[in-house]
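*Asks:* no letters, just coordinates:
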């Protein structure tokens, strides 16, 4: 962040404010972790704080300290809208376009204060007065730690803050294996453990919560895997009927796409999931090396993200989507080989 922005924010945050903190729709570990980490930090300055999530999120994120205070817009529209209208500041975390928060964007039309964006995705929109955007960062949670450091307050990192930030960094780095994981990321993780983050507990709370249905769904997904060796690519499909057969719950398909990417020689992996609630195909894309799934998704699936991890959507049927995908790949054969 610019030094002038940091000084201005120090001044603004020095007295109690009404503040709303917002993650993106379908928030993941980094989104919820960064929001709650920031929440616990700002609470030490007696601000009136509300985290407003556009919708619900998986059970494996609901252990985080302070999670019970989150207002979910899809269930509590009146309360969420009132908090937004009354707010003096709105933090938007782990996204950089108001299109990522669906109906909450409509509620923000009543907001007259200043936006503060903290995010690590590419191509940010220009809506925030204060913008901390850095695509080199592993996660928004790592950025929240830096944000607290910019304000000279790392001594105020509590065990609650440390736990939330650790969870977000761990999940967004694929348990510290993605290229965005730097030596500085590990130094921050060490500091968070020193501050009270129980790393083994956090890992178990997020990853060791499988049900029989989820494992059967994984088996179904792997059975559906299609390999395209001429493109060093694999894709997985899951239909609405298959999701319902195995009693799908939000978050059950988290990480499934990475199984495809783990195959030897594979450079590009995609999972196409027919939404249970919406008439769309949800798409997660992963890659190795310099093949940009962010650019691929922006070009073809109205999505985006990072170079090696992105999301998107298709509004045609699942069979049509996969047929279209195989045709699109022909234009990328040289890059993928």
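*Replies:* That came through, no problem. No experiment lies behind these values; they were computed from the predicted model shown. Residues are numbered from 1 along each chain as shown.
*Asks:* next one: the nearest residue to residue 103 once chain neighbours are set aside from residue 203, what distance?
*Replies:* Distance criterion CB to CB, 6 or more residues apart in numbering; nearest residue to residue 103, sequence neighbours excluded, is residue 73 at 6.4 Å. From N, CA and C alone the C-beta is placed, and that goes for glycine too. Distance, residue 73 to residue 203, by CB to CB, to the nearest Å: 30 Å.
*Asks:* which of the two has more neighbours?
*Replies:* Using other CB atoms under 10 Å, the more surrounded residue of residue 73 and residue 203 is residue 73, with 23 against 15.
*Asks:* so residue 195 makes contact with residue 160?
*Replies:* No: using CB atoms under 8 Å, residue 195 is not in contact with residue 160, being 9.6 Å away.
*Asks:* what's in contact with stretch 60-68?
*Replies:* 27-29, 32-33, 36, 39-40, 51, 160, 163-164, 167, 205-207, 209, 251 (CB atoms under 8 Å, 6 or more residues apart in numbering).
*Asks:* let's see 6 Å
*Replies:* The contact list for stretch 60-68 (CB atoms under 6 Å, 6 or more residues apart in numbering) reads 32, 36, 39, 160, 164, 205, 206, 209.
*Asks:* can you pick the most crowded of those?
*Replies:* Of the contacts of stretch 60-68, with other CB under 10 Å as the count, residue 164 tops at 32 neighbours.
*Asks:* would residue 19 count as being in a strand?
*Replies:* Yes: per DSSP: H, G, I helix; E, B strand; the rest coil, residue 19 lies within a strand segment.
*Asks:* what is the end-to-end distance of stretch 321-337?
*Replies:* Distance between the two ends of stretch 321-337: 23 Å, counting by CA to CA, to the nearest Å.
*Asks:* do the same with stretch 274-293
*Replies:* End-to-end distance for stretch 274-293, by CA to CA: 20 Å.
*Asks:* and it, what's buried?
*Replies:* 274, 280, 281, 282, 283, 284, 285, 286, 287, 291, 292, 293 (16 or more other CB atoms under 10 Å).
*Asks:* where do the strands sit along the stretch 51-200 of the chain?
*Replies:* 71-72, 89-93, 114-119, 130-133 (DSSP state E, counting those that start in this stretch).
*Asks:* related to what we said a few turns ago, and the contacts of stretch 60-68 as a markdown table, adding secondary structure, distance to residue 68 and pLDDT?
*Replies:* Formatted as a markdown table, the contacts of stretch 60-68 follow (DSSP: H, G, I helix; E, B strand; the rest coil; distance: CB to CB, whole Å; pLDDT from 0 to 100):
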| residue | secondary structure | distance to residue 68 | pLDDT |
| --- | --- | --- | --- |
| 32 | helix | 12 | 98 |
| 36 | helix | 10 | 98 |
| 39 | helix | 12 | 98 |
| 160 | helix | 13 | 98 |
| 164 | helix | 13 | 98 |
| 205 | helix | 15 | 97 |
| 206 | helix | 18 | 96 |
| 209 | coil | 18 | 85 |
